[in-house]
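Student: Got a predicted model here, sequence first, then my questions.
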Amino acid sequence: MPLFLSLVVIFATLSAQAKEISSTRALYLSDTKFDAAGESQIKTFKVSKNAIGFQINILGDRDSYLVSYLESPKGEVFVSDEPQGVVISKVEREKEPAVGQMLSPNRSLPGIFHGTGTLLFPNSDNLKVSMGDWKFRIRAFGKPAGEPEITNVTIVVKELGDGEVAYAVLPIYTHFKISGGFSPEGKNTTEVLASASEVFKALGIRFKVQKSDNFEEDISANYFPEKFFRKEKESDGIHIYFGDQQLPNSICGISANLPGMTLMNSPVRTGVYLTSKVPDHSNQDIGHILSHEIGHQLGLFHVSERYFVNETVLKDNISDTHKGNEDRFNVMYPDTLMPEPHFTAGQAIVLLKNPLLKLFDNSN
Ligand SMILES: [Zn+2]
């Protein structure tokens, strides 16, 4: 009888088996050279008609990198120093070295983690990938470490085949502090993960834990968990570290890079670190913070940055998010803990185009 039952279960699972309809393709570009101002030559790559999104990952020996220019095969300029229709004052340029890129139709940020730079396209729901040759330029910050200078550029293109997207899967890796991680403070990682996964489930995005392990190390004195973000080999998912060390200014979580550097042929240098040392936060609160950090890892900006330059508010490029307090229930609101955070439909479009998320339909 038990055998019969288990056969029925297997059959039921098989008949409902979904098919992955997205795929990724990695393009490696070599020979990046920089002029005295740190600007590269124009580089190109080709995408097919099935492409729906791509991520540019830069890894080298300079301090940091920025995608300073991006142009579509149709001649649309999506990232530049001087985005069309935007007036940038001298003061603003001095205050923010990449202000033009921040205000571009597809916003671009210098890499946060040493030696890196990333860009997701599209990071706005209004923009689309077009088929053909894309052009871009990289800016390097800091001096070259030596000769020859090393800069690896990987472009991961996401393609979508036939079928209707029914749901998406986000691969994750979880790492727990050996001392018990969250439990000594009464924090339960299962509840934290469940709370974050609820927020994504509302968009049809399911977490899939690929692997779980423990760690012993403490984070470094400068509070940036760089060594964690550097050690992992798997780059096909988001690494989440459940630690127990207090972070400055009552911060609960830190993530590296926006978007995180993923789908690379090298250690990922990315991840999210969460701490249990926040006594006044419930497991659900920490889960919401985890959702926010995963949002950054997947390429979403805050709905608005409170003080960008000259006390102005900078909104994200997504059509259905709002400025300031109006969107305080949004997951990507900068600094709040709200009971039922949500993503908008526009943010969901960006998330689903990220190469890290696998898309499935429900047919056989
Ligand atoms: Zn944030």
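Tutor: Perfect, thanks for sending it.

Student: what distance separates the helix or strand containing Ser68 from the centre of its chain?
Tutor: For Ser68, the element it lies in under DSSP states H and E is strand 64-71. On the basis of CA atoms, centre = their mean, to the nearest Å, strand 64-71 is displaced by 16 Å from the centre of the chain it belongs to.

Student: Provide the strand pairings for the helix or strand following it, with the direction of each partner.
Tutor: In the C-terminal direction, the helix or strand that comes right after strand 64-71 (DSSP H and E) is strand 77-79. When pairs are called by DSSP bridges, strand 77-79 turns out to pair with strand 64-71 (antiparallel).

Student: Any chance you could give me the strand it pairs with in PDB, C-alpha atoms only?
Tutor: Presented in PDB, the C-alpha positions along strand 64-71 are these (Å, rounded to 0.1, in the frame of the first residue of the first chain):
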ATOM      1  CA  SER A  64      35.900  49.800  -9.000                       C
ATOM      2  CA  TYR A  65      34.300  49.900 -12.400                       C
ATOM      3  CA  LEU A  66      31.200  51.700 -13.900                       C
ATOM      4  CA  VAL A  67      29.400  51.000 -17.100                       C
ATOM      5  CA  SER A  68      29.600  54.600 -18.200                       C
ATOM      6  CA  TYR A  69      27.900  54.300 -21.600                       C
ATOM      7  CA  LEU A  70      25.400  51.900 -23.200                       C
ATOM      8  CA  GLU A  71      23.800  52.100 -26.600                       C
END
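
Student: and that strand, which residues are buried?
Tutor: Of the residues in strand 64-71, those with enough neighbours to count as buried (16 or more other CB atoms under 10 Å) are Ser64, Tyr65, Leu66, Val67, Ser68, Tyr69, Leu70, Glu71. Yep, even glycine has a C-beta here, placed from its N, CA and C like the rest.

Student: still on that earlier bit, can you tell me what sits against the strand holding Ser68?
Tutor: The set of residues that contact strand 64-71 without belonging to it, under CB atoms under 8 Å, 6 or more residues apart in numbering, is 39, 42, 56, 58, 77-81, 98, 101, 104, 106, 108-112, 114-117, 119, 121, 134-142, 151.

Student: Domain map for the chain?
Tutor: When the chain is parsed with automatic domain parsing, its domains come out as 22-160, 167-359.

Student: which of those domains has the lowest average pLDDT?
Tutor: If these are sorted by mean pLDDT, domain 167-359 sits at the bottom with a mean of 84.

Student: end-to-end on that one?
Tutor: End-to-end distance for domain 167-359: 6 Å, by CA to CA, to the nearest Å.

Student: and if you look at stretch 311-319?
Tutor: 23 Å.

Student: Likewise for stretch 254-262?
Tutor: In stretch 254-262, first residue to last residue: 17 Å (CA to CA).

Student: now do stretch 65-76
Tutor: Taking CA to CA, the span from the opening residue of stretch 65-76 to its closing residue is 22 Å.

Student: for that stretch, the distance to its chain's centre please.
Tutor: Relative to where its chain is centred, stretch 65-76 has its mean C-alpha point 19 Å off (CA atoms, centre = their mean).

Student: Would you map the strands across the stretch 51-200 of the chain?
Tutor: With DSSP state E, counting those that start in this stretch as the definition, the stretch 51-200 of the chain shows strands at residue ranges 51-60, 64-71, 77-79, 116-121, 132-141, 151-160, 167-177.

Student: Could you say which of those strands is packed most deeply?
Tutor: Between the strands of the stretch 51-200 of the chain, the one whose residues have the most neighbours on average, counting mean count of other CB atoms under 10 Å, is strand 116-121 (a mean of 28).

Student: That one vs strand 151-160, what angle?
Tutor: Taking axes from the mean of the first three to the mean of the last three CA atoms, to 10 degrees, strand 116-121 and strand 151-160 form an angle of 20 degrees between their directions.

Student: for strand 116-121, packing partners?
Tutor: Under the contact criterion of 3 or more CB pairs under 8 Å, 6 or more residues apart in numbering; DSSP states H and E, strand 116-121 touches strand 51-60, strand 64-71.

Student: That strand vs strand 51-60, what angle?
Tutor: Orientation of strand 116-121 against strand 51-60 (the same axes, to 10 degrees) gives an angle of 170 degrees.

Student: outside of strand 116-121, which residues touch it?
Tutor: Counting contacts by CB under 8 Å, 6+ apart, the residues outside strand 116-121 that touch it are 53-59, 64-67, 70, 78-79, 106, 108, 110-111, 127, 129, 138, 257-261, 269, 298-299, 350, 354.
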